[in-house]
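Asks: Provided below for reference: sequence and predicted model.
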Amino acid sequence: MGTRDLLLLITLSLPAFLEAQEQGTDNYGIRFGGFIKSDFFYDSRQTVAAREGHFLLWPAGPLMDAGNDDINAASSFNFLAIQTRLNATVSAPEAFGFRTSGHVEGAFFGHSNDDINGFRLRHAFVKFEGENTELLFGQFWNPLFVTSSFPDVVSFNTGCPFQPFSRNPQIRLTQAFGNIRIIAAALSQRDFSSIGPAGTSSSYLRNAVMPDMHLQAHYTIGSADARPLIIIGGGAAYKEIVPEIVTAELYKTDASVQGTTYMGFARAVFQPLTIKAQYVLGRNVTDLLMPGGYGIRQITDAERGMVKYAPMQTSSFWLDLHTNGQAFQFGLFMGMYGNRGATDDLVEGTGITGLGTDIRSLYRISPRIVFNSGRARFAFETEYTGANFGSVNISENSRGIPVNTQEVSNLRLLLGVYLFL
């Protein structure tokens, strides 16, 4: 279904949906929402980003010309409205003794740079809610993106690559025990997939025949209306991928990359100020739009191309704070990332498969000012990101941490204009 057809369907269906909601027929209803957003931004340097620079990750590394001038030390700008999104929340009659609801959301972000402006599915899930139990089936945020505590930056990157960023088809169970919530989930991959020999693909996780498994615990002090309100939590995620099912020498293989990612977070809401933070120790987290990957730790059969892998370890930390004014807010985001190398020594002469494997460290400082009036918002943000790039040489660093680093930086000036529907 094309974008035009989808919008026509929504327009034609709206009167019937609104009538059903108004009459309360069989406890069924639908509520539309979303926002229109335009971003206007300037970058002091070329960047590694998606959708014509819109989703910024980090500054592009040094690229020298014949005269030893850095080609990527060139500024750029862009105006885009592709973050505009539409959603529909459906309430339905009880089923199996649970309250039922559904949510669908899409944006005009496209699936790739060639598909920019295309309508793209963000969320699509069904939820069953009991007194203390919630079951979710469908596409939603990866549990490492904690929906009760994430950066409130203006940039669409939402603090990425310091903040895990991914939406996944999943089955999720949330069980409450007083102030404690336990979250367990099994995930597949769709738009946000692991990186392997064939590029970015969900086939590596599918061929492992095991979902991406998550377990978390959240503890709340206070209530939604109380000040202070404090939420703390943590958890772990286990992921296994099979990079290839046949070697370059045409022999069947099932060698896998295994890794456990750990996370801890905190959120504190005081009367004048909200503070949030998260720490992630990740292994092979390219599907979360974070630097990482894997390397070869052992060649078990050179003639048949059989190997064993080791995941790259990364650590990241971010802190976000903002004032709680209705009409005016000031905020500040800070993030740090470090490449901690592979879990085992890698084989000399081999490389690393992944994202940002030549980055040793990253940092970001990003202040913002937000003005609200009615359903409109003007938001200004300055995002300064520094990156230390180096070369991967296993003979110099057996864990694949880049050596001979050089720092480059990018300054992004961003204006976001919103109208909430």
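Replies: Good, I have the coordinates.
Asks: pLDDT weak spots in this protein?
Replies: The chain contains residues with pLDDT under 70 at 1-26.
Asks: Go again with 50.
Replies: In the predicted model of the chain, residues 1, 3, 5, 8-9, 11-13, 15-25 satisfy pLDDT under 50.
Asks: which residue ranges form the helices in it?
Replies: 3-23, 203-207 (DSSP state H).
Asks: what sits against the closest residue in space to His322 that isn't next to it in sequence?
Replies: Excluding the flanking residues, the one nearest His322 by C-beta to C-beta, 6 or more residues apart in numbering is Gly331, at 3.4 Å. Where you see a C-beta, it was placed from the backbone N, CA and C, and this is true even at glycine. Gly331 is in contact with Asp152, Val153, Asp320, Leu321, His322, Thr323, Pro367, Arg368, Ile369, Val370, counting by C-beta atoms under 8 Å, 6 or more residues apart in numbering.
Asks: what about 7 Å?
Replies: Applying C-beta atoms under 7 Å, 6 or more residues apart in numbering, we find Gly331 in contact with Asp152, Asp320, Leu321, His322, Arg368, Val370.
Asks: Equivalent analysis for Val347, please.
Replies: Shown in contact with Val347 (C-beta under 7 Å, 6+ apart): Ile296, Arg297, Gln298, Ile299, Ile394.
Asks: that older thread, scan the contacts of Gly331 and report the most crowded one.
Replies: Neighbour counts for those (other C-beta atoms under 10 Å) peak at Asp320, which has 25 neighbours.
Asks: ok, it - contacts?
Replies: Pro151, Asp152, Lys276, Gly331, Phe333.
Asks: possible to save these as TSV with distance to Phe35?
Replies: TSV is the format used below for the contacts of Asp320 (distance: C-beta to C-beta, whole Å):
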residue	distance to Phe35
Pro151	18
Asp152	15
Lys276	22
Gly331	18
Phe333	21
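Asks: Measure how buried Phe35 is and give me the count.
Replies: Using other C-beta under 10 Å, Phe35 is surrounded by 16 other residues.
Asks: All further residue positions should be reported with the first residue as 16.
Replies: Sure, I'll start numbering at 16, so the last one becomes Phe50.
Asks: contacting residues for it?
Replies: The neighbourhood of Phe50, defined by C-beta under 7 Å, 6+ apart, consists of Thr99, Arg100, Tyr433, Leu434, Phe435, Leu436.
Asks: that older thread, how about the contacts of Asp335, which pair is most distant?
Replies: Greatest spacing in the contacts of Asp335, by C-beta to C-beta: Lys291 and Gly346 (10.3 Å).
Asks: returning to what we had before: just the buried residues out of the contacts of Phe50, in PyMOL syntax.
Replies: Those of the contacts of Phe50 that count as buried under 16 or more other C-beta atoms under 10 Å are selected in PyMOL with:
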select buried, resi 99+100+433
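Asks: With distance to Pro184 as extra columns, can I get the contacts of Phe50 in TSV?
Replies: Converted to TSV, the contacts of Phe50 look like this (distance: C-beta to C-beta, whole Å):
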residue	distance to Pro184
Thr99	24
Arg100	19
Tyr433	29
Leu434	31
Phe435	28
Leu436	26
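Asks: one step back: among the contacts of Val362, which one has the most neighbours?
Replies: Ile311 (21 neighbours).
Asks: Out of the contacts of Phe50, list just those in strands.
Replies: Arg100, Tyr433, Leu434, Phe435 (DSSP state E).
Asks: mind checking how far the second one is from Phe393?
Replies: Meaning Tyr433. Between Tyr433 and Phe393 the distance, using C-beta to C-beta, to the nearest Å, works out to 8 Å.
Asks: Check the last one too.
Replies: When C-beta to C-beta is the yardstick, Phe435 and Phe393 sit 13 Å from each other.
Asks: One more: the first one?
Replies: The gap separating Arg100 from Phe393 is 19 Å, by C-beta to C-beta.
Asks: ditto for Ala64
Replies: In terms of C-beta to C-beta, Ala64 sits 23 Å off from Phe393.
Asks: Look up the residues forming beta bridges with the residue nearest to Arg414 when sequence neighbours are not counted.
Replies: Nearest residue to Arg414 in three dimensions, chain neighbours excluded: Gly356, at 2.9 Å (C-beta to C-beta, 6+ apart). Bridge pairing for Gly356 (DSSP bridges) gives the partners Gln328.
Asks: you'd agree Gly356 is up against Ile416?
Replies: Yes - Gly356 is within contact range of Ile416, at 4.4 Å (criterion: C-beta atoms under 7 Å).
Asks: from the contacts of Val362, which is closest to Ser376?
Replies: Nearest to Ser376 among the contacts of Val362, with distances taken as C-beta to C-beta, is Ile409, at 19.3 Å.
Asks: thinking again about what came up before, which member of the ones in strands among the contacts of Phe50 is positioned nearest Ala325?
Replies: Distance to Ala325 across the ones in strands among the contacts of Phe50 (C-beta to C-beta) is lowest for Arg100, with 39.2 Å.
Asks: any idea how far the closest one lies from Gly401?
Replies: Applying C-beta to C-beta, the value for Arg100 to Gly401 is 31 Å.
Asks: again, but for Val322
Replies: Taking C-beta to C-beta, one finds Val322 at 35 Å from Gly401.
Asks: now do Thr301
Replies: Applying C-beta to C-beta to Thr301 and Gly401 gives a distance of 21 Å.
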